[in-house]
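Asks: Just the structure for this:
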Amino acid sequence: MGNGLALRRYVLGVDGGGSKIACLAADENGRLLGFGRGGPCNTNYVPRREAQAALQSAVGGALSEAGLHEGQVALLCISAPIEPVTLAEAAHACGIERVVRAAEGETPRWAARFWIKERVGVTVDAGTGSLARGWAADGREASAGGWGATLGDEGSGYWIAMRAMSAVLQARDGRLGETMLSGAVLEHFGLADELDLVFRATQGLVREGSDAGAGVGPDSGSESPAGGIGAQGGLHFRQGVPGRAMTRDEVASLCPVVAQVARQGDAVATGILQEAGVELGRLGSAVIRRLGMEEDTFAVVPFGGVFRIGEPVMHSFWETLIATAPRAAAVQPRFEPVVGAVLLALHELGVEIDAQVIAALERSSAGLPDVDGLSNGEHSRLGVECAKLHPRAEQALAEEGFGAEFAVGPEY
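Replies: Reported below is the predicted structural model:
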């Protein structure tokens, strides 16, 4: 190839999941050149064409911002739950000839490993879904979770949202006490009452008018209007989105609302977040036990939107995990996993990830959106939460330059 030198100069790093997909373009010196993003890409939950369009949008955006064309890209490294055929079609459409898939958990590990002293032993992902992965000192690997929304995803944004919606219905029944989640959940989805929530969440149906004539659904006692039960239990519905219930990412969009209600002192919302932390701690603990790392010293890297909530997720998470591995330390991720994908791509090309590469990456990240993944305030708050869990908490806080102003409850 006559342009072989040009082909070796640029890589793309891609990381995606149930809510979004992100892509970074970089040169072989580690300089980040462009960023792009797209929607959900998990082909277990979204149509193949939708996932392909999301990936192509992210790649196209990164190339455009970097001023590159596809012929200049030597390699694309991706970590995303996209089926192989869809990935191959998207890569072909983008003109990318060489694609490398990173194993689950590798991109956050690489996004953290060059900025910490400890060996990265475990990463715990708490985004739309949830997953833990671990690496023993002898090279053995193990994972836990990642079983999907129907049978798993414990502690994830989706799981938190589902628990919150269930709590609203239980409060309606009188099985739970009053909770501010009731109004907050309905407002978030633009619904009138709990009945609307049930049918919108499960069947994609919304009531035709405010006088639908019932207070609860047909399977909940059929509180029918005067004159008996009609053909639909006295209810009148129209289809808002024909035959489609809420998507996984639509459900998970409720998670920040739960966090906000918890910060207002709601016991039910707080309890849900505490339970989420326990479940995420169980994921990490399972990996630790399987690898026999209970007495080892290593770093645990929590990442994803759920951990940005801070307390009470982080506290219950760490209490659960530290009971299994008392010598582990929680470490704040320096960058989002998409940066790890870039580093993996460079490594695959044979580039040594040295101090110069890291310095170039850090300098160039300042001008790109979503590379740090956290705003300054979010980054500081998550750092504080991790530092609280470190055996040298006060020293760790001081080294990171965090002051007392970040001791307040973290935002999502």
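Asks: The longest helix along the chain - what's its average pLDDT?
Replies: The helix spanning the most residues in the chain, taking DSSP state H as the definition, is helix 267-290. Looking at helix 267-290 alone, the average pLDDT works out to 95.
Asks: Please point out which parts of it sit buried.
Replies: Along helix 267-290, the positions that meet the burial threshold by neighbour count (16 or more other CB atoms under 10 Å) are 268-288. All C-beta spots, glycine's among them, are computed from the backbone N, C-alpha and C.
Asks: and the next element down the chain from that helix?
Replies: On the C-terminal side of helix 267-290, the nearest following helix or strand under DSSP states H and E is strand 299-303.
Asks: just checking, what packs against that following strand?
Replies: Contact partners of strand 299-303 among helices and strands, from 3 or more CB pairs under 8 Å, 6 or more residues apart in numbering; DSSP states H and E: helix 106-112, strand 120-126, helix 313-322, strand 329-330.
Asks: among these, which is nearest residue 192?
Replies: Ranking the helices and strands packed on strand 299-303 by proximity to residue 192 (CB to CB) places helix 313-322 first, at 30.9 Å.
Asks: What is the burial count for residue 103?
Replies: Number of residues near residue 103 (other CB atoms under 10 Å) recorded here: 12.
Asks: and if you look at the one 10 residues further on?
Replies: Neighbour count of residue 113, defined by other CB under 10 Å: 18.
Asks: contacting residues around it?
Replies: residue 120 (CB atoms under 8 Å, 6 or more residues apart in numbering).
Asks: and residue 95, how many neighbours?
Replies: Other residues within reach of residue 95 by the criterion other CB under 10 Å amount to 13.
Asks: so what's it up against?
Replies: Contacts were defined as CB under 8 Å, 6+ apart; by that measure residue 95 touches 69, 70, 71, 73.
Asks: PyMOL command for the buried members of the residues you listed?
Replies: For the buried members of the contacts of residue 95, the matching PyMOL selection, counting by 16+ other CB under 10 Å, is:
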select buried, resi 70+73
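Asks: what would the contacts of residue 95 look like in CSV with distance to residue 189?
Replies: Below are the contacts of residue 95 laid out as CSV (distance: CB to CB, whole Å):
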residue, distance to residue 189
69, 42
70, 40
71, 45
73, 41
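Asks: From the contacts of residue 95, pick the one nearest residue 317.
Replies: For the contacts of residue 95, the residue nearest residue 317 by CB to CB is residue 73; the value is 38.1 Å.
Asks: excluding its backbone neighbours, what's nearest that closest one?
Replies: With CB to CB, 6 or more residues apart in numbering as the measure, residue 10 is the residue that lies nearest to residue 73, at 5.3 Å, once sequence neighbours are left out.
Asks: tell me the domain boundaries of the protein?
Replies: According to the domain assignment given by automatic domain parsing, the chain is divided into the following structural domains: 4-108+337-365, 117-150+266-333+375-406, 208-238.
Asks: Mind checking the ones you listed for the one nearest to residue 254?
Replies: So among the domains of the chain, domain 117-150+266-333+375-406 is nearest, using CB to CB, at 10.9 Å.
Asks: how far out from the middle of the chain is that closest one?
Replies: In this view, domain 117-150+266-333+375-406 has its centroid 14 Å away from the chain centroid, taken as CA atoms, centre = their mean, to the nearest Å.
Asks: one step back: ok, what's across the strand from the residue nearest to residue 73?
Replies: On the basis of DSSP bridges, residue 10 takes part in beta bridges with residue 27, residue 73.
Asks: do you know how far residue 27 is from residue 186?
Replies: Taking CB to CB, to the nearest Å as the measure, residue 27 and residue 186 are separated by 49 Å.
Asks: thinking again about what came up before, how big is the angle separating the longest helix of the chain from strand 120-126?
Replies: Comparing the axes of helix 267-290 and strand 120-126 via axes from the mean of the first three to the mean of the last three CA atoms, to 10 degrees yields an angle of 150 degrees.
Asks: Report the inter-axis angle for helix 267-290 versus strand 299-303.
Replies: For the pair helix 267-290 and strand 299-303, the angle between their directions (the same axes, to 10 degrees) equals 140 degrees.
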